[in-house]
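A.B. asks: A structural model of the following input is requested.
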Amino acid sequence: MRAALVAALLALPALVHAEPSFPTLGVWKNTVKNKGVTGSAFTPVSHVLYLNDCKPNGCVVKAGAQSGTDDSRTNTSSIAESQRTLSAFPYGYWDELVACVQDTFAPFDIQITTQDPGTAPHFEVMIGGTPQQLSSDPFLAGAGGVAPFIDCSTTQDNVISFVFAEVVNNLPFLCGAVAQEAAHVWGLDHELNPDDPMTYLELGSDKRFQNTASQCGEYLEGQMPGSDGPRACFCGGPTQNSFAFISSTFDNSNLGPASAMITSPTEGQFVRPGAPIRATLDSQLQFDKGQLSIDGVVVSQLDSAPVATTLPASVAGGSRQITVALTDTGQRTATDSVTVRVLGSCAAGCETGFACLENFCVPGSNVAGGLGASCSNNEECITGTCAIAGEETHCTGACAADGSCPDGFDCLDSNICWPASSGGGCSGSGNPAGFLLIGLGFTVVLLRRGRRS
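C.D. replies: The predicted structure is shown next:
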């Protein structure tokens, strides 16, 4: 049995959604092996990964006389049948490919370089040529990549793996293939997580190493002829965590801190129940999960970032602390909080300086976003409605069912409360010319022209 395990890319039928047809990875003879699929660290190895575009004259690969003779420092591979030459990377997006690989490995203490380290210890991925340029074995026909592998109980530094760029002209695919072939050398198995580079699923999409227990395997059950779905990982156990494994081998000291920020509402702002809440997560890793809390009590789960949700309709009036807790795929949770003033019900009456509108006690125009204040969009208004008439804009809201409005406001067409003292206003059933609602998420409503009573 060969000491080199080969990950070969075999032809796939056309994928759904008119995606291009990609090769995919398969395992040949030996198995993908590592010391522990849940994150056990290797013995010390180089932290340098050399991406070789084989320019200008191709990559000369020397044949290893026996298994275990892979050595990037001498361009020796146990996979090559004899001394071979891989042709150079054929496409014009080399810099973009390098940047994608750098981004994929950004959390880890791994130096991605395009300069040959020479005799200094390093791992290497040669990116160019075809599989036939490396080996005439018919199994490799149409392959997109190949890597040597080691036993579960050992490790080896200075190993070369290969991505055959001439097989597929697709940047996201080649980026994922480079990440997978490099990680195979370190000992990671294939897995059924379509977001992770170690997968065969959804090839050609952006992938990052996921900090989650993922089932091992190549295809979902029934996806390909003879595919059985999840299987045991080659070094034991039903799952592997690629992020944890690479972190334990190389550590993740390059990973910057994660932070969360609530962008709306702002500290001290008046808001009404149902007001929009927006927040962002700043992390090198992807969003995993989140929670929204009011006064320390979790009120909802957040399923994406940036966050776009709303203040629960049931929240009581008064001073309330809004907190978002956003967790990335490194299981790092970042939080941010703002204290806001939630509008209370008119049932017990409104304090001085507040008016009852739409059953809530709303501050007046002396408060930013208050009733009658100037505005440019709905989100600036505590009421959630900004209206314009001529050159005037005001935060406003709907008239009561009986057509009444707070003191100082008239009901226009039994619809909108408008400041009685503003130019073009009305004292009863009239309305200013060209009155309309503006802002985000609202249907523009043009009211009929009328005359002042």
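
A.B. asks: Which stretches in the stretch 251-400 of the chain count as strands?
C.D. replies: Ranges of strands in the stretch 251-400 of the chain, per DSSP state E, counting those that start in this stretch, are 259-264, 270-271, 276-282, 287-294, 297-302, 307-310, 318-328, 333-342, 354-357, 360-363, 386-389, 392-395.

A.B. asks: Ok, which of those comes nearest W186?
C.D. replies: Proximity to W186 (Cβ to Cβ) singles out strand 318-328 among the strands of the stretch 251-400 of the chain, at 22.4 Å. Yep, even glycine has a C-beta here, placed from its N, CA and C like the rest.

A.B. asks: re the thing from before, right, so of the strands of the stretch 251-400 of the chain, which gets closest to N169?
C.D. replies: Nearest to N169, of all these, is strand 287-294, at 30.9 Å by Cβ to Cβ.

A.B. asks: Could I get the average pLDDT for that closest one?
C.D. replies: Per-residue pLDDT over strand 287-294 has a mean of 94.

A.B. asks: helices or strands up against it?
C.D. replies: If you count contacts as 3 or more Cβ pairs under 8 Å, 6 or more residues apart in numbering; DSSP states H and E, strand 287-294 packs onto strand 276-282, strand 297-302, strand 307-310, strand 318-328.

A.B. asks: let's go with 7 Å and repeat that
C.D. replies: Identification of packing neighbours for strand 287-294 by 3 or more Cβ pairs under 7 Å, 6 or more residues apart in numbering; DSSP states H and E yields strand 297-302, strand 318-328.

A.B. asks: Quick check: which of these is buried the most?
C.D. replies: Of all the helices and strands packed on strand 287-294, strand 318-328 carries the top mean neighbour count, a mean of 19, counting by mean count of other Cβ atoms under 10 Å.

A.B. asks: residues making contact with that one?
C.D. replies: 258, 260, 262, 277, 279, 281, 283, 285-295, 302, 305, 307, 333-342, 344 (Cβ atoms under 7 Å, 6 or more residues apart in numbering).

A.B. asks: Narrow those residues to those that are buried.
C.D. replies: With burial judged by 16 or more other Cβ atoms under 10 Å, the buried subset of these is 258, 260, 262, 277, 279, 281, 283, 285-294, 302, 305, 307, 334-336, 338, 340-342, 344.

A.B. asks: residues in contact with the closest residue to P107 other than its chain neighbours?
C.D. replies: Among residues not flanking P107 along the chain, L255 sits closest, at 4.2 Å (Cβ to Cβ, 6 or more residues apart in numbering). By Cβ under 7 Å, 6+ apart, the contact list for L255 reads P107, Q284, G330.

A.B. asks: Check N359 too.
C.D. replies: Neighbours of N359 in contact, by Cβ under 7 Å, 6+ apart: S345, C346.
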